[in-house]
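*Asks:* Fold the following and give me the result.
(one chain, ligands or ions: 3)
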Amino acid sequence: MEFSIKHGNAAKAHTDCVIVGVFESQLSAAAQVIDEASAGLISKIVKSGDFDGKPDATLLLHRVPNIESERVLLVGLGKSAELAEKQYSKAVRASIKALAKSGAKNASTFLAEVPVKKLSTQRKVALLVEAALDANYQFDAIKRKKETTKAKKGLSKLAVFVESASLTKEAEEGLAIGKAVAAGVSLAKDLGNLPPNVCNPTYLADQAVTMGKQYAFKVEVLEREALEILGMGSFLGVSQGSETPPKFIIMQHLKGDKAQKPVVLVGKGITFDTGGISLKPGAEMDEMKYDMCGAASVLGTFKTIAEMGLNMNVIGLIPTCENMPDGRATRPGDVLTSMSGLTIEVLNTDAEGRLILCDALTYAERFEPSAVIDIATLTGACVIALGHHATGLFSNNDALAKELLKAGESALDRAWHMPMWDDYQPQLDSNFADMANIGGRAAGSITAACFLSRFAEKYDWAHLDIAGTAWKSGKEKGGTGRPVPLLAAFLLARAGK
Ligand code: BES
Ligand code: MN
Ligand code: ZN
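*Replies:* Ligands and ions are numbered 1, 2, ... in the order given. So this is what the prediction gives:
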């Protein structure tokens, strides 16, 4: 979808459709303009009870008298005093979805003119663009009959109207940010949605290399031999049951001051998680193709910051492999030696995410990071605790946790701070190694974080468990691109933007 920033009269916009908001008891300014030009048509519709302005309601009108545009789409905004980011973003989505079913190819939206609690024009435009592109997303890369036929196309052009010319610059900045975040989200969704026989460790590594060439940042891919030399016995232990070789991807976006310590993002890249010898049950096992969504979010965030040309130092680390059962696979009871030297008794080969992440966390030390954030579809227990709304956030530093919470709030990509008290650590005790890789059923997502914390003692660290937020199941099955918006907001805030 192509965007442009404009200003002007809603009744005179030359377009397939004008999109205007209607509150529960009042018209927005643009809706009033249409109303006046059309001798009160919208007021009549509202009075007749055909449109109540309730959140997300939409009504498509054709050939409204004295209006240049062929169509007018009314979008419900709810109560005017209550309109905040979330409802605003939902209204934008509803408008895009409604038009996807129509014949309109281009549209002019006046939703960015509506006052939203505490939001600047820049932020409104960024949110609008993100929401519109998110709602317009389709994954049909591997369907023979692509759904881009005439019947189901959606918008190709969207003009975003702001109140006056003096807001154009601010709106353009919002547009650039919104587009960059949406590009990262879209990449993360695509990578998650690709089947595991396509999106394997080699594919992820190729994506990183291609992106590095496109945006001129450094990318290195370490192969098995290099990982053996580094002593990444824990990561290699997970990968050894697979015919597909493991990769360790290192991306370096060094666009900040030389002296600035980097933020390191570490993404779990299990391109398929069968559970290994501790085999998972068959039902819904296909969804374990999404077990690389942490990696996808790191690649997506790199796309976003590269697009924005963010002047900051950011390192991305992705340990990626498959977790497969095999004659050579790690057994329950095996002891692995991690890169840190700590030994791990593998009591369950299905707790593999922490085994690949721990070596990446040790590797991260060499960058003397200002903060390390790992992102992982780590535990089913996190889905039980928080459902599909919030990402689980764990940290060894409360200030860092607060920064991430705030970023998530502002990006409509929320996390929830979970405890990681020492009380939980003994659940990882092992009789045969420095630690076990599981801590029993109780507090499963917390003990997983406790495990990782032992490899993150040398720096400020946070862990995002995205098991419940990275994809949707059921009829709408698909990657969500989370937590790219959160990570982008976090980095933008750190860069002072
Ligand atoms: N990738 C899974 C976590 C997962 C499960 C994410 C379901 C989303 C939905 C992870 O590798 C795993 O299998 N974790 C185990 C840990 C257990 C063995 C301690 C789990 O959550 O069951
Ligand atoms: Mn697993
Ligand atoms: Zn897993």
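*Asks:* Give the full set of residues in contact with residue 171.
*Replies:* Neighbouring residues of residue 171 by Cβ atoms under 8 Å, 6 or more residues apart in numbering: 5, 112, 121-122, 125, 160, 162. To be clear about C-beta, it is placed using only N, CA and C from the backbone, and glycine gets the same treatment.
*Asks:* Could you check how far it is from residue 20?
*Replies:* 18 Å (Cβ to Cβ, to the nearest Å).
*Asks:* same question, residue 347
*Replies:* Distance from residue 347 to residue 20, by Cβ to Cβ: 60 Å.
*Asks:* Next: residue 184.
*Replies:* With Cβ to Cβ as the criterion, residue 184 and residue 20 are 30 Å apart.
*Asks:* Quick check on residue 251: phi, psi?
*Replies:* Dihedral pair for residue 251: phi -120, psi 140, per degrees, to the nearest 10.
*Asks:* Am I right that residue 172 is in a helix?
*Replies:* Yes - Residue 172: assigned to a helix according to DSSP: H, G, I helix; E, B strand; the rest coil.
*Asks:* picking up where we left off before, more crowded one of residue 347 and residue 20?
*Replies:* residue 20 (28 against 20; other Cβ atoms under 10 Å).
*Asks:* Model confidence score at that one, please.
*Replies:* Model confidence at residue 20, given as pLDDT, is 98.
*Asks:* got it, and residue 141?
*Replies:* In this model, residue 141 carries a pLDDT of 82.
*Asks:* those strands in the stretch 151-300 of the chain, which residues are they?
*Replies:* Ranges of strands within the stretch 151-300 of the chain are 157-161, 218-222, 247-254, 263-267, 269-273, based on DSSP state E, counting those that start in this stretch.
*Asks:* for those strands, which one sits closest to ligand 3?
*Replies:* strand 269-273 (3.7 Å; Cβ to the ion).
*Asks:* List the contacts of that closest one.
*Replies:* 196, 199-201, 203-204, 238, 244, 249, 280, 288-289, 291-292, 294-295, 318-324, 350, 352-353, 356, 377.
*Asks:* just checking, which of those residues belong to helices?
*Replies:* Counted as lying in helices by DSSP state H, out of these, are 201, 203-204, 238, 294-295, 353, 356.
*Asks:* Could you report the pLDDT at the residue of the stretch 101-250 of the chain found nearest ligand 1?
*Replies:* Nearest to ligand 1, among the residues of the stretch 101-250 of the chain, is residue 238, at 9.7 Å (Cβ to the nearest ligand atom). We have a pLDDT of 99 for residue 238.
*Asks:* circling back: what is the nearest of the ones in helices among the contacts of strand 269-273 to ligand 3?
*Replies:* residue 353 (4.5 Å).
*Asks:* Distance of that closest one relative to residue 16?
*Replies:* 47 Å.
*Asks:* how about stretch 440-459, does it reach ligand 1?
*Replies:* Yes - Stretch 440-459 reaches ligand 1 (Cβ under 6 Å from any ligand atom) through residue 444.
*Asks:* What mean pLDDT does that stretch get?
*Replies:* Stretch 440-459 shows a mean pLDDT of 98.
*Asks:* for stretch 329-336, same thing?
*Replies:* So the average pLDDT for stretch 329-336 ends up being 99.
*Asks:* Okay, now that stretch: how far is its last residue from its first?
*Replies:* 12 Å (Cα to Cα, to the nearest Å).
*Asks:* what's the longest strand in the protein?
*Replies:* strand 313-323 (DSSP state E).
*Asks:* which outside residues touch the helix or strand just after that one?
*Replies:* Scanning forward in sequence from strand 313-323 by DSSP states H and E, the next helix or strand is strand 335-337. With Cβ under 8 Å, 6+ apart as the test, strand 335-337 has contacts from 231, 233-234, 237, 330, 343-346, 355, 432-433.
*Asks:* Mind telling me which residue of the stretch 101-250 of the chain is nearest ligand 2?
*Replies:* residue 238 (9.3 Å).
*Asks:* Enumerate every residue touching the residue of the chain most remote from its centre.
*Replies:* Distance from the centre of the chain peaks at residue 39, with 44.9 Å (Cα atoms, centre = their mean). Contact partners of residue 39, counting by Cβ under 8 Å, 6+ apart, are 65-66.
*Asks:* Is it part of a helix or strand, or is it coil?
*Replies:* Residue 39 - assigned by three-state DSSP - is coil.
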